[in-house]
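S.K.: Fold the following and give me the result.
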Amino acid sequence: MEKLFYRPPDAWVGDLIPYWENGVYYGFYLHDPRNRDKEYAEQTTWHLVKTKDFVELEYAGEAIRRGGDDQPNNNVYTGSVIKDKKGVYHAFYTAYNEAIQIDGKSIQSVMQAVGTDLEHLETVEDFRLTSDGVMYEEFDWRDPYVFWSEEENCYFMLVTTRIKNGGALRGGCIALCRSEDLMSWTYESPFYSPGMYITMECPELFQMGSHWYLIFSTFSDRFATHYRISDSWKGPWKIPGNDTFDCRADYAIKTASDGKHRYAFGWIASKYGQKDFGPWEWGGTMVFHELIQNEKTKELEVRMIPSVGAAFPKTCTLQPPATYNCRVSREAGTVQIESETLGCAMYPVKGDCFLLEMDVHVNEAAEFGIALHTDEGMEKGYFLRMDLKRRQMAWDMWPRSEHGKYQWQIKGDVPFQVETARILPEGTDFHLQIIREDDICVVYVNDTTALSTRMYDHKDGYAGIYVVQGNVEIQNYTEKRRV
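M.R.: Predicted coordinates:
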């Protein structure tokens with residue numbers, strides 16, 4: 001049985017470059033061998049996996065080779081793929097060689113590889129697009145996204161860069177270049193320059209219905225993939241109420257569509273040392289979500305891909321729930337939990353590969369949430385804290401760190417994993433889906449919101465719902481397994 005969340009056996013997955021054609025999703029990705037400790041994205045090339053359903057993935061090998069030590073594409077980074085009118089595929093990518101510098105700083109450039117099929121792409125050695133050095137600085141010039149404009153009858157390229165002589169922390173922008181033939185390019189005025197970020201990585205532009213969406217990722221105010229909405233591909237761009245697709249753990253999201261459905265391709269970051277207490281790293285494991293356009297607001301929502309849920313066909317027989325510090329009543333398929341302080345109803349759960357699904361109604365609560373891989377005394381495990389007053393949810397874990405010399409050295413001033421915080425959907429009714437595979441956990445709430453993370457240190461134990469000073473009801477609790 002293949003894993004749902006893919007990474008190669010000898011490397012890690014960096015930014016994905018998705019492309020769809022003839023029923024197949026091509027997931028190009030940055031293949032990071034991590035040859036040296038605490039060094040990332042070195043000797044990186046494009047590799048490829050293919051899928052039709054996001055469950056069965058086929059590895060198709062290296063897609064774009066890197067150049068030699070004296071060549072600008074000594075590392076091959078993020079870009080995009082487009083097919084021209086003659087049926088030739090053009091993969092535009094970021095080329096980087098630390099030794100190629102201007103004024104003592106290494107520069108980035110755009111190169112391209114071409115082929116008559118997507119599995120055989122060869123770099124065009126005499127093509128190299130660098131920054132103009134006038135509007136845009138030379139050191140950040142990466143992640144080209146190329147698209148055809150029917151309106152303008154030409155190609156455009158979005159590029160991650162910075163305003164020349166702009167602020168060090170707010171000067172990031174998305175550049176715009178123009179071409180008639182994908183070979184010769186002119187520099188246009190900045191496409192999007194909000195004055196908010198160091199840079200805006202991995203930009204992408206697409207249309208759903210009558211609205212346009214601009215996607216980019218940032219690492220300055222927070223690690224996240226953001227999006228903006230407009231009535232025109234030229235803007236102006238509006239910031240939606242919830243402008244991210246997932247939390248810090250799922251970075252550099254890009255999308256692909258078959259014309260009916262649109263899917264998000266990202267990577268769940270690993271943690272150093274493969275431990276819960278380790279810092280987040282660059283690169284990790286593939287994850288896919290489906291993006292849905294809200295009919296009323298036109299904002300984008302995130303849900304589990306139906307075929308992924310269907311990959312857990314076996315429904316397990318449940319044992320009666322264990323309880324912690326609460327009163328539990330059971331009637332007509334409903335489990336009601338009530339506690340004056342912290343209480344929990346929880347079901348035994350084995351291993352680290354399953355799908356849990358349930359409906360939760362909150363009658364009243366200061367706080368409630370998911371308990372996962374906890375023990376009967378709630379002394380250890382993971383807790384998705386769902387705060388109705390602040391409309392926020394975020395993962396917490398007990399213990400939060402290795403215990404210090406003194407009793408109080410338990411990270412009591414860190415109330416949850418702030419980097420996983422997400423906006424909690426409105427209302428008091430919640431449909432929860434929890435996928436666990438190996439050290440990865442992805443939660444979907446109300447088919448609108450996703451929250452991905454790593455879980456290394458705990459498995460087995462119990463899973464259920466906890467409440468703080470309140471009363472909640474659980475219905476339709478199911479545990480499913482892969483066959």
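
S.K.: so what's the spatially most distant residue from the centre of the chain bridging to?
M.R.: In the chain, counting by CA atoms, centre = their mean, residue 331 sits farthest out from the average C-alpha position, at 39.4 Å. On the basis of DSSP bridges, residue 331 is bridged to residue 334.

S.K.: And it, what's its pLDDT?
M.R.: Per-residue confidence for residue 331 comes out at a pLDDT of 87.

S.K.: That one and residue 248, how far apart?
M.R.: Residue 331 sits 40 Å away from residue 248, going by CB to CB, to the nearest Å. Yep, even glycine has a C-beta here, placed from its N, CA and C like the rest.

S.K.: Ok, residue 429 next?
M.R.: From residue 429 to residue 248 the distance is 27 Å (CB to CB).

S.K.: The two: which has the busier surroundings?
M.R.: Neighbour count, other CB atoms under 10 Å: between residue 429 and residue 248, residue 248 has more, with 21 against 13.

S.K.: can you pull out the helices in the stretch 201-350 of the chain?
M.R.: Along the stretch 201-350 of the chain, the segments classed as helices by DSSP state H, counting those that start in this stretch run 306-309.

S.K.: how about the strands in it?
M.R.: 201-208, 211-218, 224-230, 250-257, 262-271, 280-293, 300-303, 314-315, 322-324, 327-331, 334-348 (DSSP state E, counting those that start in this stretch).

S.K.: Look up the pLDDT of the nearest residue to residue 134 once chain neighbours are set aside for me, please.
M.R.: Closest residue to residue 134 apart from its sequence neighbours, by CB to CB, 6 or more residues apart in numbering: residue 164 at 6.3 Å. At residue 164, the pLDDT value in this model is 95.

S.K.: Go ahead and confirm residue 164 touches residue 137.
M.R.: Yes: taking contacts as CB atoms under 8 Å, residue 164 lies within contact range of residue 137: 5.1 Å.

S.K.: Who has more neighbours out of those two?
M.R.: residue 137 (21 against 14).

S.K.: what lines up beside the host helix or strand of the more buried one in the sheet?
M.R.: Assigned by DSSP states H and E, residue 137 belongs to strand 136-149. Strand 136-149 pairs in its sheet with strand 154-163 (antiparallel), by DSSP bridges.

S.K.: got the angle between the strand it pairs with and strand 201-208?
M.R.: 140 degrees (axes from the mean of the first three to the mean of the last three CA atoms, to 10 degrees).

S.K.: Quick check: next helix or strand after strand 154-163?
M.R.: Downstream of strand 154-163 (by DSSP H and E), the next one is strand 172-179.

S.K.: And the next helix or strand past that next one?
M.R.: With DSSP H and E, the next secondary element past strand 172-179 is strand 185-192.

S.K.: Does anything pack onto that following strand? Which helices or strands?
M.R.: When contacts are defined as 3 or more CB pairs under 8 Å, 6 or more residues apart in numbering; DSSP states H and E, strand 185-192 packs onto strand 154-163, strand 172-179.

S.K.: one more time with 7 Å
M.R.: strand 172-179 (3 or more CB pairs under 7 Å, 6 or more residues apart in numbering; DSSP states H and E).

S.K.: Output the contacting helices and strands for the strand it packs on.
M.R.: Partner elements for strand 172-179 (3+ CB pairs under 7 Å, 6+ apart): strand 154-163, strand 185-192.

S.K.: what's the angle from the longest one to strand 185-192?
M.R.: So that's strand 154-163. Going by the same axes, to 10 degrees, strand 154-163 makes 60 degrees with strand 185-192.

S.K.: Could you give me the buried positions within strand 154-163?
M.R.: Going by neighbour count (16 or more other CB atoms under 10 Å), the buried part of strand 154-163 is 155, 156, 157, 158, 159, 160, 161, 162, 163.

S.K.: distance between it and the chain's centre?
M.R.: Between the centre of strand 154-163 and the centre of its chain there are 22 Å (CA atoms, centre = their mean, to the nearest Å).

S.K.: What residues sit buried inside the lowest-mean-pLDDT helix or strand in the chain?
M.R.: One helix or strand of the chain scores below all others by mean pLDDT, DSSP states H and E: strand 327-331, with a mean of 92. By neighbour count on 16+ other CB under 10 Å, the buried set for strand 327-331 is residue 328.

S.K.: Quickly note the distance from residue 476 to residue 429.
M.R.: Residue 476 is 12 Å from residue 429, by CB to CB.

S.K.: Would you map out the domains in this protein?
M.R.: Split into domains by automatic domain parsing, the chain comes to 12-309, 315-481.

S.K.: for these, which one sits closest to residue 4?
M.R.: domain 315-481 (5.5 Å; CB to CB).
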